[in-house]
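Novice: got a predicted structure here, sequence first:
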Amino acid sequence: MGLGWKVALLNIMRNGRRSLITLAAIVFGCTSLIVFGGFVQSMYDGMRESMIRSQLGHIQIYANGYNQYGKAEPEKYLIPDRDLSTISQLIESESNALVVAPRLNFNGLLSDGKQSIAITGIGIDAEKEVMLSSAIRIVDGEDLFPEDIEAAHLGEGLFNALDVQVGDYLTLLASTQDGAINAVDVQVMGVISTGVKALDDRLLRVNLPLAQELLYTSDITRMVVLLDETQLTDTAISTLVSAFEQHHLDLELKSWEELAGYYHQVVGLFNGVFEFITVIVLIIVALSISNTMLMAVMERTRELGTIRAMGGTPRQVVSLILLESVFLGLIGSLLGLLMGALAAKGITYAEWMMPRPPGSTQDYPIRVFVVPDILFRTFLLGFAISLVSSLYPAVKASRLPVVKALRFT
Amino acid sequence: MLVELEDVSKRYQLGNLWVDALRGINLTIERGEFLAVKGPSGSGKSTLLNILSALDHCDSGSVEIEGINLSALNEHQCSLFRRRHIGIVFQSFNLIPVLTALENVIYPLTLSGTVNAKARAEKALEAVGLEQLMSQRPTQLSGGQMQRVAIARAIVSQPNLILADEPTANLDSVTSESIMSLMKQLNREQGVTFVIATHDNYVTGLASRVITVRDGELVEDEPSPPFTLQEAIA
Ligand SMILES: Nc1ncnc2c1ncn2[C@@H]1O[C@H](COP(=O)(O)OP(=O)(O)OP(=O)(O)O)[C@@H](O)[C@H]1O
Ligand SMILES: [Mg+2]
């Protein structure tokens, strides 16, 4: 039906304003889906990377059983001192790890002489941790250095809760491996923020030797591995698992994905929100298109009657109207992709600051990713919705009684 | 026999009033006739033509064209029937404004997927004397020229029956005459049957047969007088 395409196209141009309204609706829909989708993706990305680079690393390695029983009896599920160098060597030779850092976790009380606050403590290798936890921000004071034996970093919330200045000394209490109470003095070297408020309210970081002295052990809780890139996590885990098995090391591994329960909750929630918004946008677009197509049909009642009088079947009338919306859908969706991508780039470029998300302590500039998957999906949706919403006007046009349509002015 | 109407009636509802647009019409039309339908306004001429073109169904009686019983056809089949057998010429031309004259004539052929559509459409436009204006849009044409395009469009699929509802009512008398002599010429040279509803005495003067309807009834059916206007001009 060569002429059908031409008629459809010419009709779109004949009624420029109406077509523009329809196009605007499609473009608006596509743009908002692309921008919102890209924004959500960038949020996932930012949250993931900040969790990986402030606490989780890509892979964590524990003594076997730690995750199941270690909460109750942490002292029984430590990685023994004698295995550490083998493990480090294996990790460095078998995976493209940037950093491999030991951590010793403990719970304790931190006291300024007047009050004591329960803390979550980590003994760290300060030099390695600088790279591993690059997303941790020093709010006040200085970095930890291995030479500062008594130095400690306090989470922002914890620091504010105590009556203390940078440089002051505090007392740290904890129970040792065999159950005795032990205490050491720590000097406040700096105030840090991980971006997660709940953590910042309790976090204390000290050098590993100090933590080991406090707990009376030379073992560690876990090794944290940071890779070149997040995508490499799964392959790295499988090579490490077999390497550890070959060397008869009784260890268990967890990926950041398994550790980041909160991340998955947020992703689930926002995917739900995104779908809801998608539906609303589609409904608005559909109503607008079907309204303008209905007007188009009304305006051309007489012409459609003429086509029927010349022997056009009801089905041919339907396809004539649908053909128009195919064009509008194609043009609109393509324009929408262009607009969406431009808007995404523009917003990212403008570096507007985002309101601080709940539970977070840092501001971020708004970033909107241009995600090929989202572009493709949006294009299909834009195209499909313009077809679907023209269905009713098209069928209505095909059902007009011909005699009536011909008399229509 | 091309057309056979037996006891055809049609009534319309106007609010809670029933209007008998046609009452018990009996009519046969032979191939090659040039038939004029006359009658006062509201007498049922258009209704009759709509039924003949399968644009509308009658309430009772039977309509057979080319041996096909029109009452038995559904919407889709009616469309196919018109496509194959009927050409329609309207009072207000009803050309598709976005298309050129040539494309308007090609259009019905594309609906039926006819091959060679362009060549056939050009031939039809030559037959109505518009070979110079094929690429003009309807808005660039005069009323008479538009009606010529419409006639070309009606004959292009070589129907047996062309129905024209007051084809000259929107034209001045000089143009009307040339349009009518074009139709008459097509009737003579290509043997196409014409049924024309009209108030125009010039049209009835050209006809080979004139029927008169009044209040939905066929009240007169007679061949034209021997001295037709056409011969007077010729
Ligand atoms: N769709 C309709 N609904 C209701 N009544 C109708 C309809 N179409 C025609 N009629 C009525 O049927 C009767 C015949 O109408 P029709 O249009 O056939 O007359 P006509 O002879 O063509 O008149 P005119 O010379 O004015 O064109 C009129 O009384 C008209 O009002
Ligand atoms: Mg009429």
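Specialist: Noted; the coordinates are in hand. Ligands and ions are numbered 1, 2, ... in the order given.
Novice: tally of neighbours for residue A:33?
Specialist: 25 (other C-beta atoms under 10 Å in any protein chain shown). (Each C-beta comes from the backbone N, C-alpha and C, glycine too.)
Novice: show the pLDDT at it.
Specialist: Predicted confidence (pLDDT) for residue A:33: 94.
Novice: what sits closest to it if chain neighbours are left out?
Specialist: Nearest residue to residue A:33, sequence neighbours excluded (C-beta to C-beta, 6 or more residues apart in numbering or on different chains): residue A:378, at 4.7 Å.
Novice: likewise for residue A:34?
Specialist: Nearest to residue A:34 is residue A:340, by C-beta to C-beta, 6+ apart, at 2.8 Å.
Novice: buried residues, the helix or strand in which that neighbour is found. List them.
Specialist: Per DSSP states H and E, residue A:340 falls inside helix A:314-350. By neighbour count on 16 or more other C-beta atoms under 10 Å in any protein chain shown, the buried set for helix A:314-350 is A:314, A:316-329, A:331-337, A:339-341, A:343-344, A:347-348.
Novice: pLDDT on it, on average?
Specialist: 92.
Novice: and the longest helix for the chain?
Specialist: All of this is about chain A. helix A:261-299 (DSSP state H).
Novice: please go with chain B instead
Specialist: In chain B, taking DSSP H as the definition, the longest helix is helix B:173-190.
Novice: other SSEs contacting that helix?
Specialist: strand B:34-38, helix B:143-155, strand B:193-197, helix B:201-206 (3 or more C-beta pairs under 8 Å, 6 or more residues apart in numbering or on different chains; DSSP states H and E).
Novice: in the longest helix of chain A, which residues are buried?
Specialist: Those would be A:263, A:266-267, A:270, A:274, A:278, A:281-282, A:285-286, A:288-294, A:296-297, for helix A:261-299 by 16+ other C-beta under 10 Å.
Novice: between that helix and helix A:314-350, how big is the angle?
Specialist: 140 degrees (axes from the mean of the first three to the mean of the last three C-alpha atoms, to 10 degrees).
Novice: any residue of helix A:261-299 up close to chain B?
Specialist: No: judged by C-beta under 8 Å from any C-beta of the partner chain, helix A:261-299 makes no contact with chain B; its nearest approach is 11.2 Å.
Novice: what's the next secondary structure element after that helix?
Specialist: Next element after helix A:261-299 (DSSP H and E): helix A:301-309.
Novice: neighbouring contacts of that next one?
Specialist: Helix A:301-309 has contacts (C-beta atoms under 8 Å, 6 or more residues apart in numbering or on different chains) with A:297, A:314, A:316-317, A:320, A:397, A:400, A:402-406, A:408-409, B:53, B:55, B:79, B:82, B:88, B:90, B:94, B:96-97, B:107, B:111.
Novice: any idea which residue is closest to the centre of chain B?
Specialist: residue B:163 (1.5 Å; C-alpha atoms, centre = their mean).
Novice: that one in helix, strand or coil?
Specialist: Using DSSP: H, G, I helix; E, B strand; the rest coil, the structure places residue B:163 in strand.
Novice: may I have the beta-bridge partners of it?
Specialist: residue B:88, residue B:195 (DSSP bridges).
Novice: how near is it to residue B:65?
Specialist: Distance of residue B:163 to residue B:65, given as C-beta to C-beta, to the nearest Å: 11 Å.
Novice: residue contacts, residue A:288?
Specialist: Residue A:288 neighbours (C-beta under 8 Å, 6+ apart): A:21, A:22, A:25.
Novice: hmm, try it at 6 Å
Specialist: By C-beta atoms under 6 Å, 6 or more residues apart in numbering or on different chains, the contact list for residue A:288 reads residue A:25.
Novice: that'll do, ta.
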